[in-house]
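Student: Test case, fold it:
(one chain, ligands or ions: 1)
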Amino acid sequence: MTVSEACEQSDRVLGAYRHCERVMREQARNFSYGIRLMPPPKRRAMSAVYAFARGVDDIGDGPEPACVRLDLLDRSRRRLTTVQEVLRRRADAGALEGHPVLTALVDAAGRYPIPLEAFDELIDGCEDDIRGADYKTFDDLLRYCQRVAGTIGRLSLGVFGSDGRQRAEGLADSLGVALQLTNILRDLREDRMAGRIYLPAEDLERFGCTLNLDESGRFLDPPWRLNELVGFQAERARAWYAEGLRLLPLLDRRSAACTAAMAGIYRRLLENIAARPAAALNARVSLPTWQKAVVAARALSGVER
Ligand SMILES: CC(C)=CCC/C(C)=C/CC/C(C)=C/COP(=O)(O)OP(=O)(O)O
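Tutor: Next comes the predicted model:
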């Protein structure tokens, strides 16, 4: 490679990362506070992981008919294979067709041991969603959470690095599950309006809830039943946080800060929901910017553990 080709390539990679960082800044309303605590090379790698995952998630949630979304997910799988082939030198970078997220992902996975095959599992989870999978038991839901969020934990861990890789992977997976359980509670109404229920049918039955909505989009279940249902789910999510956060001592300072900030913000969302379930379920709960910044600052100074 000539010097000018090398410069061109590094400009292309930097431009690709800039694109991913923009996606992250604009769309990761909660998780960007943690990612920004990472040193620049790892932050860029995290943004590449985020941007690819965001693309997959957006296809899953998109307005297109199911068959179109399934085709788009197939295309994401093929793109992932191309990334892996470029890394194994079975294809040249031209195969990436100048796609900025793929370009950034190839660079990031060349620098850090990112388990790219986890994206395949993420895509499996989105396919389940599109095919209208239902979750009868918590084990069914757990498998979904591991696919759509545990995977992100394991991919992030590839960027972070850790002591005791195998144990750390299990804990990263658990933390992803905790975040996803929180996300499901926060988005209960929005998801219901889109025809989706993630909470296990066995739990709805146990607490006598249907999660049906009236015409104005409010839950018809009596508030005290919703309170009990949410209280139960919140307690379960807390146990997954307790397990997942055992990851922190296995990480370096900045990676631990990033993880603690992500978990800290989402845990506060969970506690806000748990404090006033019926109210929280009828309007999307979010934290003000200042509070997210405070959690991130506490995480960086090691207080948020
Ligand atoms: C080890 C480690 C870092 C573990 C954490 C892994 C992680 C970040 C999982 C995210 C799962 C999740 C709830 C995504 C929702 O994204 P969204 O775009 O719906 O979120 P938002 O609406 O709250 O912004």
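Student: and stretch 45-52, average pLDDT?
Tutor: If you average the pLDDT over stretch 45-52, you get 98.
Student: Check whether it comes near the ligand.
Tutor: No: applying Cβ under 6 Å from any ligand atom, one finds stretch 45-52 out of contact with the ligand, separated by at least 8.4 Å. Just so you know, the C-beta spots here come from the backbone N, C-alpha and C atoms, and that holds for glycine as well.
Student: what's the offset of that stretch from the middle of its chain?
Tutor: Its chain's C-alpha centre lies 11 Å from the corresponding centre of stretch 45-52 when counted by Cα atoms, centre = their mean, to the nearest Å.
Student: same deal with stretch 205-216?
Tutor: The answer for stretch 205-216 is 27 Å, by Cα atoms, centre = their mean.
Student: and that stretch, average pLDDT?
Tutor: Computed over stretch 205-216, the average pLDDT equals 95.
Student: What are the buried residues along it?
Tutor: Using 16 or more other Cβ atoms under 10 Å as the burial criterion, the residues of stretch 205-216 that qualify are Phe207, Cys209, Leu211.
Student: cool, and stretch 144-152?
Tutor: Buried residues in stretch 144-152, counting neighbours by 16+ other Cβ under 10 Å, are found at Tyr144, Cys145, Gln146, Arg147, Val148, Ala149, Gly150, Thr151, Ile152.
Student: Test my guess that the second one contacts Asp173.
Tutor: Read that as Cys145. No: the pair Cys145 / Asp173 is not scored as a contact, 9.1 Å apart, by Cβ atoms under 8 Å.
Student: rewinding a little: switch the buried residues of stretch 205-216 over to a markdown table; also include secondary structure and distance to the ligand.
Tutor: Compiled in a markdown table, the buried residues of stretch 205-216 are given as follows (DSSP: H, G, I helix; E, B strand; the rest coil; distance: Cβ to the nearest ligand atom, whole Å):
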| residue | secondary structure | distance to the ligand |
| --- | --- | --- |
| Phe207 | helix | 23 |
| Cys209 | coil | 22 |
| Leu211 | coil | 19 |
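Student: and which of those is nearest Arg79?
Tutor: Distance ranking of the buried residues of stretch 205-216 against Arg79, using Cβ to Cβ, places Leu211 first at 35.8 Å.
Student: can you list the residues of the protein near the ligand?
Tutor: Applying Cβ under 6 Å from any ligand atom, one finds that the chain approaches the ligand through 28-31, 149, 152-153, 156-157, 172, 175-176, 179-180, 183, 247, 259, 262.
Student: ok, of these, which come out buried?
Tutor: 28, 30-31, 149, 152-153, 156-157, 172, 175-176, 179-180, 183, 247, 259, 262.
Student: can you give me the helices in the stretch 151-300 of the chain?
Tutor: Counting by DSSP state H, counting those that start in this stretch, the stretch 151-300 of the chain forms helices over residues 151-160, 165-186, 188-193, 201-207, 223-244, 253-275, 277-281, 289-300, given from the N-terminal end onward.
Student: Compute the inter-axis angle for the second one and helix 223-244.
Tutor: Relative orientation of helix 165-186 versus helix 223-244 (axes from the mean of the first three to the mean of the last three Cα atoms, to 10 degrees): 160 degrees.
Student: returning to what we had before: possible to save the buried residues of stretch 144-152 as CSV with secondary structure?
Tutor: What follows is the buried residues of stretch 144-152, written out as CSV (DSSP: H, G, I helix; E, B strand; the rest coil):
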residue, secondary structure
Tyr144, helix
Cys145, helix
Gln146, helix
Arg147, helix
Val148, helix
Ala149, helix
Gly150, helix
Thr151, helix
Ile152, helix
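Student: Turn these into TSV, columns for pLDDT.
Tutor: Converted to TSV, those look like this (pLDDT from 0 to 100):
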residue	pLDDT
Tyr144	97
Cys145	98
Gln146	98
Arg147	98
Val148	98
Ala149	98
Gly150	98
Thr151	98
Ile152	98
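Student: what residue ranges in this structure are flagged as low confidence?
Tutor: Low-confidence segments of the chain, defined by pLDDT under 70, span residues 1, 3-9.
Student: which one's the longest helix in it?
Tutor: As far as residue count goes, and with DSSP state H defining each element, the longest helix of the chain is helix 3-27.
Student: That one - contacts with which helices or strands?
Tutor: Packing partners of helix 3-27 (3 or more Cβ pairs under 8 Å, 6 or more residues apart in numbering; DSSP states H and E): helix 32-35, helix 40-61, helix 100-111.
Student: when you compare where the longest one runs with where helix 253-275 runs, what's the angle?
Tutor: Put plainly, it is helix 40-61. Between helix 40-61 and helix 253-275, the angle formed by their directions is 40 degrees, by the same axes, to 10 degrees.
Student: now for the helix or strand just after helix 40-61, which elements pack on it?
Tutor: Where DSSP states H and E defines the elements, the next helix or strand beyond helix 40-61 is helix 66-87. Taking 3+ Cβ pairs under 8 Å, 6+ apart as the contact definition, the neighbouring helices and strands of helix 66-87 are helix 40-61, helix 100-111, helix 117-130.
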